[in-house]
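Undergrad: can't give you the sequence, but here's the structure:
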């Protein structure tokens, strides 16, 4: 029996699934990172900090599964992308993983001793574990939009010719700050839903309003920078969307304004940047008017819109090369084989709905506001 999907369709399906996994990670683990990034500032005393920590403690471990799934999807569906990005961004990835490793240690060890200095040090470790990954992820996405300094030789060996400091440019720093503002908004919106009304709730509201404004301004600013600097890449010549995976199969060129071309070619895709602008505005209104569900819906829409804007603008590129555009990796030239994509799709069709159902059930069971009395009396709390 033949494969019911052609190669082109499977490649597009897996590009969409990769986007779903990345958005899933940002929506779930994003508010965990956001709460950690503002922990020392929204909560002042030990009881207040425990209140904020336990607002995310039931779900943070499960939320990290989306990050693992995203990495696994890149490895299995886009092996060239995995090889080039994880080797080229090795130091950045090490920094992210080192920061993320502070979270389980911080959660588990913080309350092992009553010493205030001991607990304060772990609170700042959790802060680093929330801020650094959000910043690095944003800087990485900014670099992908600008183009990565790598090339492939005739044997498809990759050579990364950039340095750590070269990752930081005005545009990539704007992208990094946007990522931080986005997760802080998401985390603050989550806190306003999860903790009782009081000092932590009120401070979270103030941080959320500021993060909403910054998200809106930085996203709009990043869009202006993309439009005015003319960054972008395009495929040149005939394109065989069902051809074999070979990064040298298509010729790519740097082309001014190419990242905006998809929005002209497919006007419906403008929905993504509109959500990226509308989401922070809705979150601001929701926080301002004490409508916590609207605030969280707004921060979620902002996350979906901002990430989708990048993916739709770059399609079909996944990892463009700034020094050798012909080595750029796209949806059409860097995927796994036809059979591999199909088998993986069958597995995903069975397992992903189960993951979603379990996640929805877990959130439903653990939903509800947390109070200072809960923190003082519940032995299961951190």
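TA: That came in fine, so what should we check first? Since this is a predicted model, take the numbers as computed values, not measurements. Numbers count the residues shown, from 1 in each chain.
Undergrad: could you use CA atoms for every contact and neighbour count after this?
TA: Fine.
Undergrad: which residue ranges of this protein form strands?
TA: All strands of the chain, identified by DSSP state E, fall at 150-152, 158-160, 233-236, 251-254, 317-319, 329-330.
Undergrad: so of these, which one's packed in deepest?
TA: strand 329-330 (a mean of 26; mean count of other C-alpha atoms under 10 Å).
Undergrad: just to revisit the earlier point, nearest to residue 127, out of the strands of the chain?
TA: Taking C-alpha to C-alpha, strand 317-319 is the member of those nearest to residue 127, at 30.3 Å.
Undergrad: coming back round to it: nearest to residue 46, out of the strands of the chain?
TA: Each of those has some distance to residue 46 by C-alpha to C-alpha; the shortest is strand 317-319, at 44.5 Å.
Undergrad: state the mean pLDDT of the closest one.
TA: Averaged across strand 317-319, the pLDDT comes to 93.
Undergrad: packing partners of that strand?
TA: For strand 317-319, the elements it packs on are helix 79-88, strand 329-330, judged by 3 or more C-alpha pairs under 8 Å, 6 or more residues apart in numbering; DSSP states H and E.
Undergrad: related to what we said a few turns ago, can I get the strands of the chain in TSV including distance to residue 83?
TA: Listed next are the strands of the chain as TSV, based on distance: least, C-alpha to C-alpha, whole Å:
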stretch	distance to residue 83
strand 150-152	11
strand 158-160	8
strand 233-236	21
strand 251-254	20
strand 317-319	11
strand 329-330	11
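Undergrad: and the ones you listed: which comes nearest residue 301?
TA: Taking C-alpha to C-alpha, strand 317-319 is the member of those nearest to residue 301, at 22.8 Å.
Undergrad: what does the closest one contact?
TA: By C-alpha atoms under 8 Å, 6 or more residues apart in numbering, the surrounding residues in contact with strand 317-319 are 81, 85, 144, 147, 148, 233, 328, 329, 330, 331.
Undergrad: next, count neighbours for the second one.
TA: Residues lying near residue 85 (other C-alpha atoms under 10 Å) number 20.
Undergrad: so what sits opposite the residue lying closest to it once chain neighbours are set aside in the bridge?
TA: Of all residues not flanking residue 85 in the chain, residue 319 sits nearest, at 7.9 Å (C-alpha to C-alpha, 6 or more residues apart in numbering). Note on residue 319: beta-bridge partners by DSSP bridges are residue 329.
Undergrad: tell me how far residue 319 lies from residue 128.
TA: Using C-alpha to C-alpha, to the nearest Å, residue 319 is found at 28 Å from residue 128.
Undergrad: residues in contact with residue 87?
TA: Residue 87 makes contacts with residue 160, as judged by C-alpha under 8 Å, 6+ apart.
Undergrad: alright, that wraps it up for me.
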